[in-house]
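Participant: Structural data only, the sequence is not supplied:
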Ligand SMILES: O=C(O)C(=O)Cc1ccccc1
């Protein structure tokens, strides 16, 4: 009998990252094989090259906003789509090699988002100590274990994994911060609509008055709520911006499909980044009657009758 090969999941590694914890919360242990990779671009590249089937990468944070390497990595290059979102409440420790005292620490290292979310607390504990960036919190913990730096901001599990001990626990400036991760894969069959889905897009607009309003209007007139919108520079065109956004609904639903088709007409480019089940514990706003699939179907039949000369 033919066996389907296990799904290969790439995640921002090494062992002990928040991305790994997010993957474990989304995919039961024992399902698929997991490959830690060195960076977000490496995780996306592994999927694009077919070396992995899906990648679990951080997307945005409730305190720091979006993760630029992920946003830009999805906006450029061969298309990838989000098939799932995962929310994780993150807790940070300041960790060092056993025997290190706070007074011995001359350097702190972590992922830029972890440094940003703990900046005030860490500066209070270690005034004037430089905070240096690393590609993940676990790589930072490993580098401390290897003696390259004195302390890391990381997950308690990463400290344990690399033999570090906490100098301070719960060093987040805003306890309860949530990170949104996404599981991305090469385009293929879309996740089925669940009735509580989100759709992600990148829309490139022309440099003209009202271009953003034109984009927003296509959602408003179809009763679609946006859950995120932000601008990102298009790096090879000076002062031209794209809009990265999430809206409620699934592309299989008429109002969302029609909005995308309209955006395709009024903007320079639309990149579809997937329709997937909403996982933030919230429920999409009720769809107004005139924006429901049944209303679009009925309007389509009416138009067909008009065109056939039946009215
Ligand atoms: O570096 C990690 O562990 C990640 O998964 C990225 C990250 C960093 C800080 C907060 C949330 C996610």
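Facilitator: Yes, it's here. Keep in mind the model is a prediction, meaning the values are calculated, not measured.
Participant: Near the ligand, which residues of this protein? Just list them.
Facilitator: For the chain, the contact set with the ligand under Cβ under 6 Å from any ligand atom comprises 12, 17-19, 58, 61, 90, 111, 113-114, 136-138, 179. C-beta here means a position set from N, CA and C on the backbone, and glycine is covered the same way.
Participant: Which ones among those map onto helices?
Facilitator: Members of those lying in helices (criterion: DSSP state H): 18, 19, 113, 114, 137, 138.
Participant: so what's the first one up against?
Facilitator: In this case it means residue 18. Counting by Cβ atoms under 8 Å, 6 or more residues apart in numbering, residue 18 touches 58, 88, 90, 137, 155, 179, 181.
Participant: Identify, from those residues, the entry nearest to residue 237.
Facilitator: Set against residue 237, the nearest of those by Cβ to Cβ is residue 58 (26.7 Å).
Participant: Now for the closest one, how many residues are close by?
Facilitator: Neighbours of residue 58 under the rule other Cβ atoms under 10 Å: 27.
Participant: Quick check: bridge partners of it?
Facilitator: In this entry, residue 58 is beta-bridged to residue 181, by DSSP bridges.
Participant: what's the nearest residue to residue 223 if we skip its chain neighbours?
Facilitator: Ranked by Cβ to Cβ, 6 or more residues apart in numbering and with sequence neighbours excluded, the top spatial neighbour of residue 223 is residue 291, at 3.5 Å.
Participant: Report the separation between the one you found and the ligand.
Facilitator: Separation of residue 291 from the ligand (Cβ to the nearest ligand atom, to the nearest Å): 35 Å.
Participant: next one: residue 273
Facilitator: Counting by Cβ to the nearest ligand atom, the gap from residue 273 to the ligand is 19 Å.
Participant: Ramachandran coordinates for that residue?
Facilitator: Per-residue torsions, residue 273: phi -110, psi 20 (degrees, to the nearest 10).
Participant: For it, give me the pLDDT.
Facilitator: pLDDT recorded at residue 273 is 98.
Participant: Might you report the residue contacts of it?
Facilitator: Taking Cβ under 8 Å, 6+ apart, one finds 74, 80, 81, 82, 199, 200, 201, 202 in contact with residue 273.
Participant: give me that answer again for 10 Å
Facilitator: Taking Cβ atoms under 10 Å, 6 or more residues apart in numbering as the criterion, residue 273 is in contact with 71, 74-75, 79-82, 182, 184, 187, 199-202, 244-246.
Participant: The residues you listed in helices, which ones?
Facilitator: With helices defined by DSSP H, the entries of those inside them are 71, 74, 75.
Participant: will you turn those residues into CSV that also has neighbour count?
Facilitator: Below are those laid out as CSV (neighbours: other Cβ atoms under 10 Å):
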residue, neighbour count
71, 20
74, 24
75, 18
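Participant: Of the residues you listed, which is the nearest to the ligand?
Facilitator: For these, the closest approach to the ligand (Cβ to the nearest ligand atom) belongs to residue 71, at 13.8 Å.
Participant: mind listing what whatever residue of the stretch 201-311 of the chain ends up closest to the ligand touches?
Facilitator: Minimum separation of the stretch 201-311 of the chain from the ligand (Cβ to the nearest ligand atom) falls at residue 280, amounting to 15.6 Å. With contact taken as Cβ under 10 Å, 6+ apart, residue 280 is in contact with 85, 86, 87, 178, 180, 198, 227.
Participant: In a helix, it, correct?
Facilitator: No. Residue 280: not assigned to a helix; according to DSSP: H, G, I helix; E, B strand; the rest coil it is coil.
Participant: confidence score at residue 4?
Facilitator: 72.
Participant: can you confirm it is in a strand?
Facilitator: No. Counting by three-state DSSP, one finds residue 4 to be coil, located in no strand.
Participant: Filter the contacts of residue 273 down to the buried ones, PyMOL style.
Facilitator: The PyMOL command for the buried members of those (criterion: 16 or more other Cβ atoms under 10 Å) is given here:
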select buried, resi 71+74+75+80+81+82+182+184+199+200+201+202+244+245+246
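Participant: same for the helix or strand encompassing residue 260, what does it pack against?
Facilitator: Element membership for residue 260 (DSSP states H and E) is helix 254-266. Judged by 3 or more Cβ pairs under 10 Å, 6 or more residues apart in numbering; DSSP states H and E, helix 254-266 is in contact with strand 197-204, helix 211-220, strand 241-248, strand 269-277, helix 293-307.
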